[in-house]
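Asker: Fold the following.
(2 chains)
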Amino acid sequence: MTSTLTPVRKRSALTKGQLPKFAPYVVLVLALVVGAAIMAVVGFNAFGWGIVSAILFTAGLVGWSAAVEGGRKAKDKLATCLVVGSFLVALLPLISVILTVLINGLPGLLDPGFLSTSMNGVTGAFDNKSVEQGAPVMGGIYHALVGTIQITLLATVISVPVGLLTAVYLVEYGEDRPLARAITFFVDVMTGIPSIVAGLFAAAFFFAVVGPGTKTGAVAAVALSVLMIPVVVRSSEEMLKIVPNELREAAYALGVRKWRTILKVVIPTAISGIASGVTLAIARVIGETAPILVTAGFATSINTNVFSGWMASLPTFIYTQILNPTSPSNPDPSSQRAWGAALVLIILVMLLNLGARLIARIFAPKTGR
Amino acid sequence: MTTTSLTKSRGAGRAGDKVFSGAALAAGCLILAVLFGVALFLVVQAIPALVASPDKIQGGEGFFAYIWPIVIGTVIAAIIALVIATPVAIGVALFISHFAPRGLASGLGYVIDLLAAIPSVVYGAWGAAFLAKEISPAYDWLANNMGWLPIFQGPASATGKTILTAGIVLAVMVLPIITSLSREIFLQTPKLHEEAALALGATRWEMIKMAVLPFGRPGIVSAVMLGLGRALGETMAVALVLSSGALTASLIQSGNQTIAAEIALNFPEASGLKVSTLIAAGLVLFVITLGVNMIARWIISRHKEFSGAN
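Answerer: Here you go, the predicted structure:
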């Protein structure tokens, strides 16, 4: 009766043997309810509830799909569930790390003078006083902030031209010559250099050239460049490679010189990928601790000259504040400063990332996707 | 007039070409020189430890007996990291490139990139302060229920500062590297291949299996190898998370050590032969990563035809 009056509601032959659109939601609600019931028996916690529900949801949806739609569709549903699940799993540590740093770092960051003072003259006595008498936590990260920015900037200034030019050589000039193959091979090898070995190399190099015991921000920048150059080369190379040959050929056909073709056609087409690669490279080196510890030492006062004297940096500041608290009997103020510095470091990197993303979007070539 | 301006511009262009290709060549050679310098320095500084009499090396049984356990420890940590990270990373890359709504995809990619942005020392602090504490009940459960497996042999570490925790932290650290590279490769899959598969009636998963994964395989391998390089050489996370000790088969007891963490923890106070020993350890790490990269390069070189610039 109803079907003759409203024929639209009748399922057509084309959609027969398919799950209804609302199927995932029904299964999700069922999975959450059954999951909660199971967790109530075992002992409730939110994390376990999520895991159990996810497994139930996957099993339920795939089972239903296998019964109604057949094996191929069921496999597709299973793959979709696994792919979405892996994304959710990847989010867990991110949320956990950011929450941990926020909760532990905000008190330190909100401390007056945390960003504008250094650790110069801050001794264990101040920390003992702040724990025992409730005095404000002294000391800050200004010196480390200055050091990190200067060292990373210098490393970027060294690495990006060298890395980008090498990538250009490999893609545009190399033509599978033995030298190009050797460079590709050794760039790969360089990618695997452990950060601490890069630091040892830079230290030894400057010991030999400038004099024994040379520990400055510039040495650290060289160490970071050793880590950064291969990342820049690899990512830029991949991005230059996917620039369609048609673009190059069109430029050559118009009589444009090769170097102008590269500068005006190839690199602008790939610039969004290159920018994201450089961002990843900076993200990798800005938090490197071991090479800076070996090459720039650890300073407690402000040093704005990268070419002379020990220099602090945020990662080494975090590391030393955790491992060697300023006051060994009361490590809490040191730990508060360390988490505060970690928060600042993460914010710094996020801003860098965001900036690079905006640049990449502005310069992105128009493609069919 | 026209002729002179033409000649002029040609002259300037030729000089530009020369300067530019020369600069590109010089940059490439600089990389070779730097790498040569690193290798030379490592070998020269490591020789004293390699030729020293066995009783003078830490442990008193020679360099080989000293380095063997920490090489195994390094490999164990890296394998744990890759076993956990690779499937998840490929799933995340597929999610961002082919499953997520188009408008959300780039934002989600940025979220995963944030994982790469978090510095290793922060991961180390997080692993030591949060993860180790939270995960130790799971280790107790493993020790009680799966203890018959040598890798889960009890008693589990009470602090949770074990090689498995370090491996999980390493997995989190290499995940964004594998993801971001695989994602870029998946996005380059020829649209026509994908549409052809879908037009023939393939489901989304079959399309991915037939068009996306075969196209992206060398990219995935190179991404995993980059992740392995990071996992092998990562220093701070392991140094802060792992409570190190002698080599043990059990992943949930404290013990084991990685080369990088061994160097980081001992180098500042080291002197004399100990410095050479640690640098020789660095050389061993270097050789391991060299082997890994050579295998990866060999695999990738069999799939050259994907590049647009060939």
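Asker: Now residue A:349: which helix or strand?
Answerer: According to DSSP states H and E, residue A:349 maps onto helix A:332-363.
Asker: what's the answer for residue A:186, then?
Answerer: Assigned by DSSP H and E, residue A:186 belongs to helix A:178-191.
Asker: Nearest to chain A within chain B, name that residue for me.
Answerer: Closest approach of chain B to chain A (Cβ to the nearest Cβ) occurs at residue B:119, with a separation of 2.0 Å. C-beta coordinates here come from the backbone N, C-alpha and C atoms, glycine included.
Asker: so what pLDDT did residue A:139 get?
Answerer: Residue A:139 carries a pLDDT score of 77 in this model.
Asker: three-state assignment of the closest residue to it other than its chain neighbours?
Answerer: Ranked by Cβ to Cβ, 6 or more residues apart in numbering or on different chains and with sequence neighbours excluded, the top spatial neighbour of residue A:139 is residue A:122, at 3.7 Å. When classified by DSSP: H, G, I helix; E, B strand; the rest coil, residue A:122 comes out as coil.
Asker: Same question for residue A:306.
Answerer: At residue A:306, secondary structure determined by three-state DSSP is coil.
Asker: What's the separation between it and residue A:314?
Answerer: Noted for residue A:306: a distance of 15 Å to residue A:314, by Cβ to Cβ, to the nearest Å.
Asker: residues of the helix holding residue A:186 that come out buried?
Answerer: Neighbour-count burial for helix A:178-191, counted by 16 or more other Cβ atoms under 10 Å in any protein chain shown, picks out A:180, A:183, A:184, A:185, A:186, A:187, A:188, A:189, A:190, A:191.
Asker: of those residues, list those near chain B.
Answerer: Restricting those to those near chain B by Cβ under 8 Å from any Cβ of the partner chain leaves A:180, A:183, A:184, A:185, A:186, A:187, A:188, A:189, A:190, A:191.
Asker: how about the residues you listed, which pair is most distant?
Answerer: Farthest pair in these (Cβ to Cβ) is A:180 and A:191. Separation: 16.9 Å.
Asker: Model confidence for residue A:211, exactly?
Answerer: 69.
Asker: quick revisit: my guess is the residue nearest to residue A:139 contacts residue A:325, does it?
Answerer: No: using Cβ atoms under 8 Å, residue A:122 is not in contact with residue A:325, being 11.7 Å away.
Asker: Relative to chain B, how far out is residue A:24?
Answerer: For residue A:24, the distance to chain B equals 13 Å [Cβ to the nearest Cβ, to the nearest Å].
Asker: so how far is stretch A:262-280 from its chain's centroid?
Answerer: From the chain centre to the centre of stretch A:262-280 is a distance of 19 Å (Cα atoms, centre = their mean, to the nearest Å).
Asker: and what of stretch B:264-283?
Answerer: Using Cα atoms, centre = their mean, the offset of stretch B:264-283 from its chain centre is 23 Å.
Asker: What residues does residue B:235 make contact with?
Answerer: A:194, A:195, A:196, A:289, A:290, B:120, B:260, B:261, B:263, B:264 (Cβ atoms under 8 Å, 6 or more residues apart in numbering or on different chains).
Asker: ok so, going back, how many residues are close by the residue of chain B closest to chain A?
Answerer: For residue B:119, the count of nearby residues is 26 (other Cβ atoms under 10 Å in any protein chain shown).
Asker: didn't it look like it was pressed against residue A:348?
Answerer: No: between residue B:119 and residue A:348 there is no contact under Cβ under 8 Å: 9.7 Å.
Asker: Name the residues contacting each of those two.
Answerer: Shared contacts of residue B:119 and residue A:348 (Cβ under 8 Å, 6+ apart): A:286, A:314.
Asker: Check which helices and strands the helix or strand hosting residue B:71 is in contact with.
Answerer: According to DSSP H and E, residue B:71 maps onto helix B:62-94. Using 3 or more Cβ pairs under 8 Å, 6 or more residues apart in numbering or on different chains; DSSP states H and E as the contact definition, the elements that helix B:62-94 packs against are helix A:71-110, helix B:163-187, helix B:213-233, helix B:259-266, helix B:273-301.
Asker: could I get those as a markdown table with mean neighbour count, mean pLDDT and distance to residue A:159?
Answerer: Shown next, in a markdown table, are the helices and strands packed on helix B:62-94 (neighbours: other Cβ atoms under 10 Å in any protein chain shown; pLDDT from 0 to 100; distance: least, Cβ to Cβ, whole Å):
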| stretch | mean neighbour count | mean pLDDT | distance to residue A:159 |
| --- | --- | --- | --- |
| helix A:71-110 | 18 | 87 | 26 |
| helix B:163-187 | 26 | 88 | 18 |
| helix B:213-233 | 22 | 83 | 17 |
| helix B:259-266 | 25 | 81 | 22 |
| helix B:273-301 | 19 | 77 | 20 |
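Asker: nearest to residue B:83, of the ones you listed?
Answerer: Closest to residue B:83 of those, according to Cβ to Cβ: helix B:163-187, at 8.0 Å.
Asker: elements contacting that closest one?
Answerer: Helix B:163-187 sits against helix A:71-110, helix A:267-286, helix B:62-94, helix B:102-117, helix B:120-126, helix B:132-145, helix B:213-233, helix B:236-241, with contacts defined as 3+ Cβ pairs under 8 Å, 6+ apart.
Asker: looking at those, which is closest to residue B:256?
Answerer: helix B:62-94 (4.0 Å).
Asker: circling back to that earlier point, distance of the residue nearest to residue A:139 relative to chain B?
Answerer: For residue A:122 relative to chain B (Cβ to the nearest Cβ), the value is 20 Å.
Asker: With residue A:194 instead?
Answerer: Distance of residue A:194 to chain B, given as Cβ to the nearest Cβ: 3 Å.
Asker: burial of that residue, as a residue count?
Answerer: Look at residue A:194: counted by other Cβ under 10 Å, it has 28 neighbours.
Asker: next one: residue B:14
Answerer: Residue B:14: 12 surrounding residues under other Cβ under 10 Å.
Asker: Report the separation between it and residue A:263.
Answerer: Distance of residue B:14 to residue A:263, given as Cβ to Cβ: 15 Å.
Asker: Over to residue A:103?
Answerer: For residue A:103, the distance to residue A:263 equals 48 Å [Cβ to Cβ].
Asker: Which strands or helices does the helix holding residue A:186 pack on?
Answerer: When contacts are defined as 3+ Cβ pairs under 8 Å, 6+ apart, helix A:178-191 sits against helix A:217-241, helix B:2-51, helix B:213-233, helix B:273-301.
Asker: for the last one, packing partners?
Answerer: Where contact means 3+ Cβ pairs under 8 Å, 6+ apart, helix B:273-301 is packed against helix A:178-191, helix A:195-209, helix B:2-51, helix B:62-94, helix B:213-233, helix B:259-266.
Asker: can I get these in TSV with distance to residue A:255?
Answerer: Formatted as TSV, the helices and strands packed on helix B:273-301 follow (distance: least, Cβ to Cβ, whole Å):
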stretch	distance to residue A:255
helix A:178-191	26
helix A:195-209	44
helix B:2-51	9
helix B:62-94	41
helix B:213-233	35
helix B:259-266	53
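Asker: Looking at these, spot the one closest to residue B:139.
Answerer: Of all these, helix B:62-94 sits nearest to residue B:139, with 13.6 Å by Cβ to Cβ.
Asker: Report the buried residues of the closest one.
Answerer: Result for helix B:62-94 [16+ other Cβ under 10 Å]: buried residues B:62-63, B:66-67, B:69-71, B:73-74, B:76-78, B:80-82, B:84-86, B:88-94.
Asker: and the angle from it to helix B:213-233?
Answerer: Interaxial angle of helix B:62-94 relative to helix B:213-233 (axes from the mean of the first three to the mean of the last three Cα atoms, to 10 degrees): 140 degrees.
Asker: Tell me which of the helices and strands packed on helix B:273-301 lies nearest to residue B:201.
Answerer: helix B:213-233 (18.6 Å).
Asker: Counting by contacts, list what the closest one packs against.
Answerer: Other elements packing on helix B:213-233 under the criterion 3+ Cβ pairs under 8 Å, 6+ apart are helix A:178-191, helix A:195-209, helix B:62-94, helix B:163-187, helix B:273-301.
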